[in-house]
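Peer 1: Kindly return the folded structure for what I paste below:
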Amino acid sequence: MPKKSTNEFRLTNFLTKTKKLIVIVISIIILLFTIVYTIRSVFDKKIVIRPITIPESMIESGYSDKVLSQMYLDEIRMISSTAQTFL
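Peer 2: From the prediction side, this is the model:
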């Protein structure tokens, strides 16, 4: 088997180091995205209220499911703003 020339050895060495660097950089980018996503999820203050079925008497009084959902959301925010803990 013929010996590799110095240039071939250098090229192989360069490619090996380049592959390792690319893997490290991609790993760091993935780690950073994961950390940012986790932090944003922890401190996100979204409240989701699923659709509410309301009785006919409330509909006749002028309330819709959207109005009641907004009223619930307003109450939750008011309670959260006066509470000692975070929502």
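Peer 1: so what does the strand or helix carrying Leu15 touch, helix or strand wise?
Peer 2: Secondary structure from DSSP states H and E places Leu15 in helix 6-43. Helices and strands touching helix 6-43, by 3 or more Cβ pairs under 8 Å, 6 or more residues apart in numbering; DSSP states H and E: there are none. Every C-beta, even on glycine, is put in place using the N, C-alpha and C of the backbone.
Peer 1: After it, heading C-terminal, what element do we hit next?
Peer 2: In N-to-C order, the element after helix 6-43 by DSSP H and E is helix 56-60.
Peer 1: Now do that next one, average pLDDT.
Peer 2: Regarding helix 56-60, the rounded mean pLDDT is 87.
Peer 1: buried set for the helix or strand following that helix?
Peer 2: Moving toward the C-terminus from helix 56-60, the next helix or strand (DSSP H and E) is helix 65-82. Within helix 65-82, the residues scored as buried using 16 or more other Cβ atoms under 10 Å are Leu68, Ser69.
Peer 1: remind me which residues of the chain are low pLDDT?
Peer 2: Scanning the chain for pLDDT under 70 picks out the ranges 1-4, 84-87.
Peer 1: Domain map for it?
Peer 2: Using automatic domain parsing, the domain ranges for the chain come out as 1-44, 45-87.
Peer 1: Pull the distance from the last one to the chain's centre.
Peer 2: Using Cα atoms, centre = their mean, to the nearest Å, the mean C-alpha position of domain 45-87 is found 25 Å from that of the whole chain.
Peer 1: try stretch 9-19
Peer 2: On Cα atoms, centre = their mean, the centre of stretch 9-19 falls 37 Å from that of its chain.
Peer 1: And the residue nearest the centre of this protein?
Peer 2: Tyr37 (4.0 Å; Cα atoms, centre = their mean).
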